[in-house]
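In: Give the three-dimensional model of this entry:
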Amino acid sequence: QIAIPARRLHEYVKVLPEGELDLKAQASNWLSLTCHRSRSRIAGLAAASYPELPEPPDQKLTVRCGILARLAEQVLFAISTDDSRQELSGALLKIDKSGITMVATDGHRLSFAQHPVDIEGLDSRLESVIPKKALADFLRFAEGLNTQDMEFSYTENHLFFEWSNRRLLSRTGSGKFPSYERILPKAHPSAFTADRDELLASIERVSRFSDARTQQIIFDIGKGKCTLLGAQSDVGESEESFTVAHHGDSVRIGLKASYLSDFLDRTEFKNVRFSFHDANTAVELQPNSAEMAATHRYVVMPMLIAAK
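Out: Numbers count the residues shown, from 1 in each chain. Sure, this is the predicted structure:
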């Protein structure tokens, strides 16, 4: 038994030709690899130096893999990339009698996703933070397994995701996740609904002319019409208008284009609802479905519109 650098082994095996690979442990913790004409050796370490891995607890929850994967996809992009904000460096996972909830925020936006489901084996409520890398690894492991059940378990310091032939474990995230319930708006006096594909395409076109640093585009909403504007003095400007089902006040809001695209790229519904109060408070995007609106809520803070 020897311990081998996993990344080096993986990168090497990826470029080998098709065929049988012969591996042999050699003296002084070397691993020899032979495949067709290729003969290589990788320096390893004594197996005793490999850290002892924690074992999952006996109590486990059975979850459909696709449910957890869909929730992860809907929040992963909103996790903060700022290393100094440890409390925002992962997604909050909550499992209780009402179902499974995931929440992520970077301080400028928040994504909330929920799936009502009965969880087999659940005795008490779980609340833990999954680090961003662990969540991304989970999605990679879960690819193509949406219809299969998996087992999930946890301890104070570790999370375990288990399939029939593999196990993914992670330390829980550090820091206390913020009270996201205070961020989710209670009500909106104004809103419009639009076709997801049409709105996404307009945002992508107009954002080509927005400031490269801020990515700000302006939503001018009112009288059943939404106009998007993007401008940069040394590049040019772009404007697109389309009809929307609108109620409430007219407003002019500055928003970051990529933040909106992140949500629209991942929502599963043809129509979306864009709700707001005024130009200085958060806007909320949701599926335009009475049944599903509460299962995916996306809140984005507006940007100050610079005076011309």
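
In: for this structure, what are the low-confidence residue spans?
Out: Under the criterion pLDDT under 70, the flagged ranges of the chain are 120-121, 307-308.

In: give the contact list for the residue positioned nearest the centre of it.
Out: When C-alpha atoms, centre = their mean is applied to the chain, the residue found nearest the centroid is residue 76 (1.3 Å). Residue 76 makes contact with 91, 104, 132, 135, 136, 139, according to C-beta atoms under 8 Å, 6 or more residues apart in numbering. For every residue, glycine as well, the C-beta is placed using N, CA and C.

In: Provide the secondary structure category for the fourth one.
Out: Pointing back at residue 135 there. State at residue 135, reduced to three classes by DSSP: H, G, I helix; E, B strand; the rest coil: helix.

In: number of nearby residues for it?
Out: 26 (other C-beta atoms under 10 Å).

In: circling back: looking at the contacts of residue 76, which is nearest residue 25?
Out: Using C-beta to C-beta, residue 136 comes nearest to residue 25 of those, at 32.1 Å.

In: Run through the residues that contact that closest one.
Out: Neighbouring residues of residue 136 by C-beta under 8 Å, 6+ apart: residue 76.

In: part of a helix, is the residue nearest to the centre of the chain?
Out: Yes: counting by three-state DSSP, residue 76 is found in a helix.

In: From residue 138, how far out is it?
Out: Residue 76 is 9 Å from residue 138, where distance means C-beta to C-beta, to the nearest Å.

In: got it, and residue 284?
Out: Applying C-beta to C-beta, the value for residue 284 to residue 138 is 27 Å.

In: Not counting sequence-adjacent ones, nearest residue to residue 91?
Out: Using C-beta to C-beta, 6 or more residues apart in numbering and skipping residues adjacent in sequence, the residue nearest residue 91 is residue 104, 4.2 Å away.

In: what's the neighbour count on that neighbour?
Out: Neighbourhood size, residue 104 [other C-beta under 10 Å]: 28.

In: Show me what it is bridged to.
Out: Beta-bridge partners for residue 104, by DSSP bridges, are residue 111.

In: Now do the same contact list for it.
Out: Applying C-beta under 8 Å, 6+ apart to residue 104 gives the contacts 75, 76, 77, 78, 79, 88, 90, 91, 92, 110, 111.

In: Mind putting the residues you listed into JSON lines with distance to residue 200?
Out: Listed next are those as JSON lines, based on distance: C-beta to C-beta, whole Å:
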{"residue": "75", "distance to residue 200": "19"}
{"residue": "76", "distance to residue 200": "19"}
{"residue": "77", "distance to residue 200": "14"}
{"residue": "78", "distance to residue 200": "17"}
{"residue": "79", "distance to residue 200": "22"}
{"residue": "88", "distance to residue 200": "26"}
{"residue": "90", "distance to residue 200": "27"}
{"residue": "91", "distance to residue 200": "24"}
{"residue": "92", "distance to residue 200": "27"}
{"residue": "110", "distance to residue 200": "20"}
{"residue": "111", "distance to residue 200": "16"}
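
In: hang on, residue 157 packs against residue 172?
Out: Yes: taking contacts as C-beta atoms under 8 Å, residue 157 lies within contact range of residue 172: 5.9 Å.

In: out of those two, which sits in the more crowded spot?
Out: The residue with more neighbours, out of residue 157 and residue 172, is residue 172; 17 against 10, by other C-beta under 10 Å.

In: Just the helices from this protein, written as ranges.
Out: 6-14, 65-75, 132-142, 196-206, 257-264 (DSSP state H).

In: Relative to residue 293, how far out is the nearest residue to residue 270 once chain neighbours are set aside?
Out: Nearest residue to residue 270, sequence neighbours excluded (C-beta to C-beta, 6+ apart): residue 196, at 5.8 Å. Note on residue 196: its distance to residue 293, by C-beta to C-beta, is 14 Å.
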